[in-house]
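J.: I'll drop the sequence and a predicted model, then ask my questions.
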Amino acid sequence: MTLAPESLGRSSRPSRRQRLFRSMLDALRNPLLAVGGFLVLIQLVAVLFVGHILPFGPNTMDYNALLGAPGASHLLGTDELGRDILSRLVDGARLSLSVGLGSVAMAALIGVPLGLVAGYLGGAFDAIFMRLIDSIIALPPLVLALTIAAVLGTGLVNTTIAIAIVAIPAFTRLVRGQVLSLKTNDYVLAAESLGAPTWLILFRHILPNAINPVIVQASLAIGFAIITESSLSFIGLGAQPPQSTWGSMVQVGFQYLELQPFYALAPATMIFLAVLGFNMLGEGLRQQFDPASRGIK
Amino acid sequence: MQFVIKRVLAAIPVVFLTSVIIFSLMRLLPGDPITVMAGQSQSDASPELLQQLRHQYGFDRPVYVQYGLWVQRALSGDLGYSVYNRLPVWDVLRPRILPTAQIGLTAWILAILVSLPLGAYTAVRMNSWVDWLGTALALIGAAMPYFLTGGLFIYFVAMRGGMLPASGFVSPFVDFWQSVRTTILPALTLTFALIAVLTRQARSSFAETMQLAYIRTARAKGLGEGAVVFRHAAQNAILPVVTILGLQLGSLFSGAVVTETVFAVPGVGRLLVDAILSRDYAVVQAVVLFITLSVVLANLLVDIAYGLLDPRIKQS
């Protein structure tokens, strides 16, 4: 009896789906990835589904329960207008996460191509451009974000843009470093000698090999973006009423800290958990992509 | 000496470019400073007077001339005039430096005292429960927003416990003990994030050093583990930590902005926020320049110290 070649292949090598399943199992064994992924997942679930099942809307006022203590009807109590803090937390999650994801998407879309071009072309453009990037990095991130936010004006769209600008240099530097080490590889030289256009080499041959650290950086940057947005809103330069993010809840809540500690501390804790989730996810992915980094954290 | 000069020269383009960035950002703001000044003092100054003032301050000249004038005045110590406070900018900025420096330095020293031993210990006892605790602390410290750490301190220590003041700052030249009491909570708030970063760096740097041959030699001589770690390994392992310490000065300023708001400390960070909110742009420009120069200077000093401590760097 002879075996068909296909079945031989199937028994010796796991299928694509099996490999994906195995790598997911492997990923779950990494505590950073598992906990980080879980934290990020519950945020998304809260944003997408929990808002609909809560008994109170985020703007429903209850004048019989101003700054009410946590209890059976209002699990985390109420704010100075009698609004349910839990409902406002879930609603704030939507805006806080949107700013985090939006600003990082913007930063990656601008920073990655810039890094590709600077690293690949080299020369004067690279030298001058990287000096500029270095100077931006020399400014403390929150101070720069504050200043840009002051120039652009308050409001969430401007806050998103300000955070994106601050987050660009990290992507550019990272990708440039990757390109410098990748561009001497044989497959790049081969593509060059076949006359492939520069954009094709960059996006088809170099970028796919440089993408893993970019994914790691994106996850870490989302954590940074969430904490920066909340700091700006806390200071009064981010979200403006009636819009309300976790950071602006903390800002108002601080005035009532003694009477109703959950008002400020609950959204602050949500910010902490969100940032922790994205940071752990990023670190976990880094270990997953580069097993050598597991020993020394 | 040649090494020092090289480092100083390398810092100049960074200072130049950041000053250009700050200047350009300020020029992007709606309205020139004279219009803002006239608007805020609510004077009914005639357009001719405004034009004359504009000419006097050089705001009607090309942008690069204005930049040159600004740099020239800043170098001679004239940072401009604070419209909001009706004082020269330097007189507004100077009293704000002490609180920020005192709280920041305290946080810095606390972080070194905790991180170096903790990092060394976790590197030697990898995967022990202390190591896990250290890793968990590092993750938590990096993700804690300053207003959460500060808010918890204010609520539990100041409000419930009544042990320390919840806000304000007292100069040590006025009342030393009260000054210490007002410094503790903001410094602890700032140091937590710093400890997270430093411990991680110290751990990986000690772990790397402990693999080296001269450590094996020291052990083979029969030295106790404590002497090996603190006498032999520490000398090498501390160097990368020093670099991180310099780099972290920038994030200390970022932290100061939020922490000084939380604890109502009249420092540089709070001044920046107030200046932005009151559109006092001469102050914003001066504070950002001050922060940038401090960061660049700190990194320069670290760089030079690093070169002096480690001859290998100087040669490369």
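T.: That came through fine.
J.: Close to chain B: what parts of the stretch 51-200 of chain A are there?
T.: A:131-132, A:134-136, A:138-143, A:146-151 (C-beta under 8 Å from any C-beta of the partner chain). Using the backbone N, CA and C atoms, a C-beta is placed for each residue, glycine as well.
J.: C-terminal to the particular helix or strand that has residue B:214 in it, which secondary structure element comes first?
T.: According to DSSP states H and E, residue B:214 maps onto helix B:213-220. From helix B:213-220 onward toward the C-terminus, using DSSP H and E, the following helix or strand is helix B:225-227.
J.: Not counting its own residues, what contacts that next one?
T.: For helix B:225-227, the surrounding residues in contact (C-beta atoms under 8 Å, 6 or more residues apart in numbering or on different chains) are B:124, B:218, B:219.
J.: The helix or strand just after it near chain A at all?
T.: Using DSSP H and E, the next helix or strand after helix B:225-227 towards the C-terminus is helix B:234-262. Yes. Helix B:234-262 lies within reach of chain A by C-beta under 8 Å from any C-beta, at B:250, B:251, B:253, B:254, B:255, B:257, B:258, B:261, B:262.
J.: who touches the third one in this structure?
T.: Each residue near residue B:253 by C-beta under 8 Å, 6+ apart is listed here: A:140, A:142, A:143, B:100, B:104, B:268, B:269, B:291, B:294, B:295.
J.: let's go with 7 Å and repeat that
T.: A:140, A:143, B:269, B:291 (C-beta atoms under 7 Å, 6 or more residues apart in numbering or on different chains).
J.: measure it to residue B:17 for me?
T.: Using C-beta to C-beta, to the nearest Å, residue B:253 is found at 18 Å from residue B:17.
J.: The last one too?
T.: Spatial separation of residue B:262 from residue B:17 under the definition C-beta to C-beta is 32 Å.
J.: what about these two, which has more around it?
T.: Taking other C-beta atoms under 10 Å in any protein chain shown, residue B:262 and residue B:17 do not tie; residue B:262 has more neighbours (26 against 18).
J.: Now the buried members of the contacts of helix B:225-227.
T.: Among the contacts of helix B:225-227, those classed as buried by 16 or more other C-beta atoms under 10 Å in any protein chain shown are B:124, B:218.
J.: show me where pLDDT drops low in chain A?
T.: A:1-14, A:291-297 (pLDDT under 70).
J.: sorry, back to before: what mean pLDDT does the helix holding residue B:214 have?
T.: Throughout helix B:213-220, pLDDT has a mean value of 82.
J.: Other residues contacting it?
T.: Helix B:213-220 has contacts (C-beta under 7 Å, 6+ apart) with B:209, B:228, B:232, B:233.
J.: Among the contacts of residue B:253, the buried ones, what's the PyMOL command?
T.: In PyMOL, this line selects whichever of the contacts of residue B:253 come out buried by 16+ other C-beta under 10 Å:
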select buried, (chain A and resi 140+143) or (chain B and resi 269+291)
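J.: The contacts of residue B:253 into JSON lines, with extra columns for distance to residue A:63?
T.: Formatted as JSON lines, the contacts of residue B:253 follow (distance: C-beta to C-beta, whole Å):
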{"residue": "A:140", "distance to residue A:63": "44"}
{"residue": "A:143", "distance to residue A:63": "42"}
{"residue": "B:269", "distance to residue A:63": "38"}
{"residue": "B:291", "distance to residue A:63": "46"}
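J.: would you list the contacts of residue B:253 in TSV and tack on secondary structure and distance to residue B:238?
T.: Converted to TSV, the contacts of residue B:253 look like this (DSSP: H, G, I helix; E, B strand; the rest coil; distance: C-beta to C-beta, whole Å):
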residue	secondary structure	distance to residue B:238
A:140	coil	24
A:143	helix	28
B:269	helix	29
B:291	helix	27
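J.: mind listing the helices for the stretch 151-297 of chain A?
T.: For the stretch 151-297 of chain A, applying DSSP state H, counting those that start in this stretch gives helices covering A:156-182, A:186-193, A:198-200, A:207-235, A:246-253, A:261-289.
J.: most packed of those helices?
T.: helix A:246-253 (a mean of 26; mean count of other C-beta atoms under 10 Å in any protein chain shown).
J.: helices and strands around it, which ones?
T.: Packed against helix A:246-253 by the contact rule (3 or more C-beta pairs under 7 Å, 6 or more residues apart in numbering or on different chains; DSSP states H and E) you find helix A:85-121, helix A:207-235, helix A:261-289.
J.: Would you mind getting the angle between that helix and helix A:207-235?
T.: 10 degrees (axes from the mean of the first three to the mean of the last three C-alpha atoms, to 10 degrees).
J.: Please write out the alpha-carbon positions of helix A:246-253 in CSV.
T.: Output of helix A:246-253 as CSV, limited to C-alpha atoms (Å, rounded to 0.1, in the frame of the first residue of the first chain):
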residue,chain,number,x,y,z
TRP,A,246,-11.8,59.0,32.5
GLY,A,247,-9.3,61.9,32.9
SER,A,248,-12.0,64.6,33.0
MET,A,249,-14.0,62.5,35.5
VAL,A,250,-10.9,62.4,37.8
GLN,A,251,-10.5,66.2,37.4
VAL,A,252,-14.0,66.9,38.7
GLY,A,253,-14.0,64.0,41.1
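J.: thinking again about what came up before, now, the most widely separated pair of the contacts of helix B:213-220?
T.: B:209 and B:228 (10.3 Å; C-beta to C-beta).
J.: Flag every buried residue along the helix or strand hosting residue B:117.
T.: Per DSSP H and E: residue B:117 is located in helix B:89-124. For helix B:89-124, the neighbour count (16+ other C-beta under 10 Å) marks B:89, B:92-93, B:96, B:98-100, B:102-104, B:106-108, B:110-112, B:114-116, B:118-124 as buried.
J.: Show me what it is packed against.
T.: strand B:81-82, helix B:129-143, helix B:176-209, helix B:234-262, helix B:268-277, helix B:281-309.
J.: so who does residue 265 touch?
T.: All of this is about chain A. B:151, B:152, B:155.
J.: wait, I meant chain B there
T.: Contacts of residue B:265 (C-beta under 7 Å, 6+ apart): B:99, B:103, B:169, B:186.
J.: Residue B:182 is in contact with the third one, correct?
T.: Put plainly, it is residue B:169. Yes. With contact defined as C-beta atoms under 7 Å, residue B:169 counts as touching residue B:182 (5.0 Å).
J.: Could you check which of the two has the larger neighbour count?
T.: Of the pair residue B:169 and residue B:182, residue B:182 is the one with more neighbours under other C-beta under 10 Å, namely 25 against 22.
J.: can I assume the more buried one is in contact with residue B:170?
T.: Yes. Counting by C-beta under 7 Å, residue B:182 touches residue B:170, with 5.1 Å between them.
J.: shared neighbours, the two?
T.: In contact with both residue B:182 and residue B:170: no residue, using C-beta under 7 Å, 6+ apart.
J.: which one of the contacts of helix B:213-220 is nearest chain A?
T.: residue B:209 (11.3 Å; C-beta to the nearest C-beta).
J.: just checking, that closest one touches residue B:233?
T.: Yes. Assessed by C-beta under 7 Å, residue B:209 is found in contact with residue B:233 at 4.7 Å.
J.: Tell me the residue of the stretch 151-300 of chain B that sits nearest chain A?
T.: Nearest to chain A, among the residues of the stretch 151-300 of chain B, is residue B:254, at 3.5 Å (C-beta to the nearest C-beta).
J.: Give me the pLDDT value at that residue.
T.: Per-residue pLDDT puts residue B:254 at 88.
J.: Setting aside sequence neighbours, what's the nearest residue to it?
T.: Nearest residue to residue B:254, sequence neighbours excluded (C-beta to C-beta, 6 or more residues apart in numbering or on different chains): residue A:142, at 3.5 Å.
J.: In contact with the one you found, which residues?
T.: A:228, A:231, B:254, B:257.
J.: And residue B:168, by the same measure?
T.: Applying C-beta under 7 Å, 6+ apart, the residues near residue B:168 are B:182, B:264.
J.: Report the separation between it and residue B:127.
T.: For residue B:168 relative to residue B:127 (C-beta to C-beta), the value is 45 Å.
J.: and if you look at residue B:200?
T.: Relative to residue B:127, and taking C-beta to C-beta, residue B:200 is found at 15 Å.
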